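> Next comes the sequence, and after it the predicted model I'd like to discuss.
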Amino acid sequence: MELSREPATSGLAAGLAAWLAGPQAGLLVDLDGTLVLTEAANQQAYRLYFASRGWQVDDVVVRAFAGRRAHEVFASLAGPWGDEDPERLRQDVLDVLATLDVQPQAVPGAARLLTACVSRGVPVAVVTSAGRDWTLAALEWLEVDPTGIGLVTAEDCASGKPDPEPFRRGAQLLGLDPAGLVAVEDTPAGIASARQAGVGLVIGVTTGHPSEHLRAAGADQTVPDLTGLADAVARIPTEEPSA
């Protein structure tokens, strides 16, 4: 099935409902920036840490960390950190982040999307660069019961996004062919990961990056939030119990 590549309309919900109702369909959804808005706090932590070290780091470089595992970016991106231990740098940034009194904000439709997947029997997994503890804490903050929701977190992958491993593992966790799945992501790195993993439909959420950047990375469609996707899943009929 092919969906329109035009911006979200009522047709998006209808088309996605038909896609996700298929026998081999499922949903793989990112966490930070897709379900909860945390990128502003993350970038603030990086800026504060870099300033504490006396490092002049351009905002373009700060944004390069979005959707990726920090130690992999430190190890691969030229910067004033030179030969310092990437894992130590990652922990230092996390320590700064922990001092910020920032409450994450839910992306509209996030909780409804996850709970609708479970209630409608749509296989669903959260595929994130974050750790398992934060992932479970974020679901609790969203008031979403993690029962019935698969989790692929940093602990499960040798390589993070944009490598395809996270989304490949998501498909394996659901026991489904990636070609039948829908991935929802907010960063170019995450979209590239899903695309390279062979995910059939990749939707970009423009919470932190403009539509043109997400489409350039491989997104089939872009949406402003998750309300349309939640509507799509809500359209899927539940099976009537047999007599």
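Now that the structure is in, tell me what you want to look at.
> Residue nearest the middle of the chain, spatially speaking?
For the chain, the residue nearest the mean C-alpha position is residue 30 (1.7 Å; C-alpha atoms, centre = their mean).
> what's the distance between that residue and residue 66?
Residue 30 sits 11 Å away from residue 66 when distances are taken as C-beta to C-beta, to the nearest Å. No exception for glycine: its C-beta is placed from N, CA and C like everyone else's.
> hey, what's in contact with both of these two?
Here residue 30 and residue 66 have residue 187 as joint contacts, going by C-beta atoms under 8 Å, 6 or more residues apart in numbering.
> And the helices in the chain?
10-20, 39-52, 59-63, 70-76, 86-99, 110-120, 132-141, 165-174, 188-196, 211-217, 227-234 (DSSP state H).
> Which strands or helices does the shortest one pack on?
Contacts of helix 59-63 with other secondary structure elements, assessed using 3 or more C-beta pairs under 8 Å, 6 or more residues apart in numbering; DSSP states H and E, are made with helix 39-52.
> switch the cut-off to 6 Å
Secondary-structure packing of helix 59-63 (3 or more C-beta pairs under 6 Å, 6 or more residues apart in numbering; DSSP states H and E): no helix or strand packs against it.
> would you put the C-alpha positions of it in CSV?
This file holds the C-alpha atoms of helix 59-63, laid out as CSV (Å, rounded to 0.1, in the frame of the first residue of the first chain):
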residue,chain,number,x,y,z
ASP,A,59,25.0,25.5,17.6
VAL,A,60,25.2,23.4,14.4
VAL,A,61,27.5,21.1,16.3
VAL,A,62,25.2,21.0,19.3
ARG,A,63,22.3,20.0,17.1
